[in-house]
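Peer 1: Any chance you could fold what I've pasted below:
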Amino acid sequence: MQRTRGRAPTGGRAGALSQELIVGAAVALLDELGERGLTFRLLAKQLNTGPGALYWHVSNKDELVDLAADQVLGHAFTAHPGPGEEAGSGLRALAVAVFDALDRHPWAASHVSAPPTLANALRLLDRVGTLVARTALPAERHFEVATAISYYITGVSAQIIAPRTTHDATVSRDDFLAGTARRWEALDPADYPFLTRTTRHLRDHADRDQFLAGLDMLLDGLNTTADPRPPA
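Peer 2: Model (predicted):
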């Protein structure tokens, strides 16, 4: 059903709604029921309106979920980086805030796309770029470095967090990791020397620590590359 500009859908209460209100209600339902459980009919019931009124503000479910994920992302940061904020610590704090926000709403992780198109995804890239521009990197490097960091934040978060939403709901994370570890243990060590000796770490690892390990290596590399001092 397409939105019709100029008038509200028959029987709807578009004037009593806003896209922000609809998206906020969708976030709550997605947290509770996941993507499969979210329907316009259920959302309309939660908002005490008719489904037609929702289509006045949102074209379809795919757009709604994307907007909901972008709202979640926006909750991770509010203010533009302060003029005195140091680039490295600012980037780390921003990245951790985004990971934690997506970790609280796992369904959203795979919908925060790169390259960014929605408002808060664009703001995230702009904040990363603003901080990168405060380093000693030459200006011609700012775009490639800022996009690389932004894509790490959203892409690696999605790779770590999103699989939780695709497993059978009856299988816990610990059980899933234990089963994967058993499969790694059964591999031929001659073909998979690293995997067969690291199964204990697979079972016991923390997702957030995994994200931080890669982030810190990335930022250490940025600090080394951007350091204007000559080598000793």
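Peer 1: only C-alpha atoms for contact and neighbour calcs from this point on.
Peer 2: Noted.
Peer 1: Report the central residue of this protein.
Peer 2: Nearest to the geometric centre of the chain sits A109, at 3.8 Å (CA atoms, centre = their mean).
Peer 1: does that one count as helix, strand or coil?
Peer 2: Here A109 takes the helix state, with states given by DSSP: H, G, I helix; E, B strand; the rest coil.
Peer 1: OK, contacts around the residue lying closest to it once chain neighbours are set aside?
Peer 2: With CA to CA, 6 or more residues apart in numbering as the criterion, A109 has its nearest non-adjacent residue at 4.6 Å, and that residue is A158. With contacts defined as CA atoms under 8 Å, 6 or more residues apart in numbering, A158 is in contact with A109, S110, V112.
Peer 1: Ignoring the adjacent residues along the chain, who's closest to the second one?
Peer 2: Closest residue in space to S110, ignoring its immediate chain neighbours: A158 at 5.1 Å, by CA to CA, 6+ apart.
Peer 1: what's the following helix or strand after the strand or helix carrying that neighbour?
Peer 2: Assessed by DSSP states H and E, A158 sits inside helix 157-161. Once the chain leaves helix 157-161, the next helix or strand it forms, by DSSP H and E, is helix 173-185.
Peer 1: Can you list the helices and strands that the helix or strand following that following helix packs against?
Peer 2: Note on helix 173-185: by DSSP H and E, the next helix or strand toward the C-terminus is helix 193-197. Counting contacts by 3 or more CA pairs under 8 Å, 6 or more residues apart in numbering; DSSP states H and E, helix 193-197 packs against helix 173-185.
Peer 1: ok, and for the helix it packs on, which residues are buried?
Peer 2: Within helix 173-185, the residues scored as buried using 16 or more other CA atoms under 10 Å are L177, A178, A181, W184, E185.
Peer 1: One more: stretch 205-219?
Peer 2: Those would be F211, L215, L219, for stretch 205-219 by 16+ other CA under 10 Å.
Peer 1: May I have the helix or strand hosting the first one exported as CSV, CA atoms only?
Peer 2: It refers to F211. Per DSSP H and E: F211 is located in helix 207-226. Extracted C-alpha coordinates of helix 207-226, given in CSV (Å, rounded to 0.1, in the frame of the first residue of the first chain):
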residue,chain,number,x,y,z
ASP,A,207,31.5,-10.6,22.2
ARG,A,208,32.3,-7.1,23.5
ASP,A,209,35.9,-8.0,24.2
GLN,A,210,36.2,-9.4,20.7
PHE,A,211,34.9,-6.1,19.3
LEU,A,212,37.2,-4.1,21.5
ALA,A,213,40.3,-6.1,20.5
GLY,A,214,39.9,-5.2,16.8
LEU,A,215,38.9,-1.6,17.6
ASP,A,216,42.0,-1.0,19.7
MET,A,217,44.2,-2.5,17.0
LEU,A,218,42.6,-0.2,14.5
LEU,A,219,43.0,2.9,16.6
ASP,A,220,46.6,2.0,17.5
GLY,A,221,47.3,1.9,13.8
LEU,A,222,45.6,5.3,13.4
ASN,A,223,47.7,6.8,16.2
THR,A,224,50.9,5.4,14.7
THR,A,225,50.1,6.6,11.2
ALA,A,226,48.9,10.0,12.3
